[in-house]
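Colleague: Have a look; sequence and predicted model below, questions after that.
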Amino acid sequence: MKTGQNTAIVGLQWGDEGKGKIVDLLTAKHDVIVRYNGGANAGHTIVVGDEKYALHLIPSGILYKDKQCIVGNGVVVDPVQLIKEIDALRDRGIEVGDNLRVSNRAHVVMPYHKVHDAALEQKLSQIAGKGDQSIGTTKRGIGPAYADKVHRATAVRMSDLLDPKTLLDKLKVTCSIRCAELTALGVDAPPLDAHALADEYAAYGRRLAPHIIDTVYELHDCVNAGKKVLFEGANACLLDIDHGTFPYVTSSNCSALGIHAGTGLPGKYVNEVVGIMKTYSTRVGGGPFPSEELGEIGEQIRERGNEYGTTTGRPRRCGWLDLVAVKYSAMICGATSVASMLLDVLSGFDELKICTAYELEDGSISTRFIPDARLLAKAKPIFETFQGWPEEIDHITSPDDLPENAKAYLDFISKYLDLPISIVSVGPKRSQTVM
Ligand code: GDP
Ligand code: IMO
Ligand code: MG
């Protein structure tokens, strides 16, 4: 793989592709690691030796001592979660100080956002005559926090936490509106106390103050000084608010297209885009998933891949690789190469399948993805079948040592996508990687 000056890591499916592992690996070749979207809905796992780290808001580069980690303006930050994460890392001997910067323009996830998220999901799960209409969110308050960003007048940004008077003034307005909304949603909770909330969040502001800066100028200073930037996508392309399987998506631009708005660095600063792809498919929450396997195969993938959510612990829905979907994501993200993750999970299957087209409701065949949940739900997968390989491959470090059938499987993927596979991952550890 040619690693340009700056590299983006982006999920090409519905999340949990193993972005954390690859960000951690590629951090070695970069100076600055920046998150540009999402919030604590993300759960990025890094395994170093026997130690496992699950990061939600802090960039996955934090385990390297001399790297700068930045939470960009496009992220929605839950200060409670951020402080928890900082403390947990410090408890494990990881330095978190000047190496962590958080944008003063990032929006704050407030407690009422989380209550709203859960209440709306609850309401949507029981719509009379329509059944369950919920999204299956992580209940981390992501949607309501981004909604406030768009509403503007009711939003709280990280800089507001540093200015107690402004914070109180804002919360006096917002709390009264939120109380009315939550009551309408059937939330039976005590009224929001603007003063108490302002005191609590100003205290978080004091705690986080050393980290809060104008990250846009900081990032431009970094690139002008010749530092190499690694962009860490959270969530994934098919969950992108504009380009994903709407409405079963998250609330940010989590494809590579979100990088520029979410960091303040324009297009010319992204030189390489590594699309992260599981060699099968998973999805958490609701929404269409044409290649889903609801029976034994899905169960086998879930158990072998330990497919349970890093953030919510929910069992992930599992199925075969959908290359129609991945090719679409690679197009949207401008992927220059692909990292093929969790290949080891596929050992032991007699046959493997890859979805290469859809049969649509009218009987026509489409090799184009359909980023519309209603239509995609009706698409039937058309599969190509491949011979599996019986042996475990989690110890392999050279591409030549992979079983012939695994090579053929990867070759097919690369040709279909018309992209090189720059990394093959055969286990969660750094060492379990074929470059
Ligand atoms: P992310 O959200 O994209 O960072 O992915 P998650 O961390 O949510 O989920 C990926 C899971 O797969 C984590 O538990 C990783 O430790 C694990 N993982 C990553 N790469 C591999 C791999 O090649 N093989 C196996 N078996 N597990 C992997
Ligand atoms: P990482 O970065 C998997 C999904 C949720 C839900 C939908 C909306 O770990 O890959 P939200 O709470 O964002 O409003 O939920 O999006 N979702 C993810 N699924 N991995 C993620 O992040 C996700 N982030 C959001 O399950 O279906
Ligand atoms: Mg995850």
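Modeller: That came through fine. Ligands and ions are numbered 1, 2, ... in the order given.

Colleague: where do the strands sit along the stretch 251-400 of the chain?
Modeller: 272-278, 281-283, 317-319, 321-322, 337-341, 351-359, 365-366, 380-387 (DSSP state E, counting those that start in this stretch).

Colleague: Okay, now the sheet partners of the second one, with direction.
Modeller: Read that as strand 281-283. As defined by DSSP bridges, the strand partners of strand 281-283 come to strand 317-319 (antiparallel).

Colleague: Establish whether the partner strand and ligand 2 are in contact.
Modeller: No: applying CB under 6 Å from any ligand atom, one finds strand 317-319 separated from ligand 2 by no less than 9.9 Å. Heads up, the C-betas are built off the backbone N, CA and C, glycines and all.

Colleague: What residues of that strand count as buried?
Modeller: By 16 or more other CB atoms under 10 Å, the buried positions in strand 317-319 come out as Arg317, Cys318, Gly319.

Colleague: Flag every residue of this protein that's near ligand 1.
Modeller: So the chain meets ligand 1 at 11, 15-21, 43-45, 47, 305, 310, 341-342, 344-345, 425-428 (CB under 6 Å from any ligand atom).

Colleague: Apart from its chain neighbours, what residue comes closest to the spatially most central residue of the chain?
Modeller: Nearest to the mean C-alpha position of the chain, counting by CA atoms, centre = their mean, stands Asn235 at 1.9 Å. Excluding the flanking residues, the one nearest Asn235 by CB to CB, 6 or more residues apart in numbering is Cys254, at 3.8 Å.

Colleague: So which of the residues of the chain next to ligand 1 reach ligand 3?
Modeller: Residues of the residues of the chain next to ligand 1 in contact with ligand 3 (CB under 5 Å from the ion): Asp16, Gly43, Thr310.

Colleague: a markdown table for those, including neighbour count, distance to ligand 2 and pLDDT?
Modeller: Converted to a markdown table, those look like this (neighbours: other CB atoms under 10 Å; distance: CB to the nearest ligand atom, whole Å; pLDDT from 0 to 100):
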| residue | neighbour count | distance to ligand 2 | pLDDT |
| --- | --- | --- | --- |
| Asp16 | 28 | 5 | 96 |
| Gly43 | 19 | 4 | 95 |
| Thr310 | 17 | 6 | 76 |
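
Colleague: can you tell me which of these lies nearest to Ala377?
Modeller: Proximity of those to Ala377 (CB to CB) peaks at Asp16, which lies at 21.2 Å.

Colleague: The closest one and Arg304: what is the separation?
Modeller: According to CB to CB, to the nearest Å, Asp16 stands 15 Å off from Arg304.

Colleague: what residues are up against Asp193?
Modeller: The contact partners of Asp193, taken as CB atoms under 8 Å, 6 or more residues apart in numbering, are Cys175.

Colleague: Would you mind listing what in the stretch 101-250 of the chain touches ligand 2?
Modeller: So the stretch 101-250 of the chain meets ligand 2 at Ile135, Gly136, Thr137, Thr138, Arg140, Ile142, Gly143, Ala234, Asn235, Ala236, Leu239, Thr250 (CB under 6 Å from any ligand atom).
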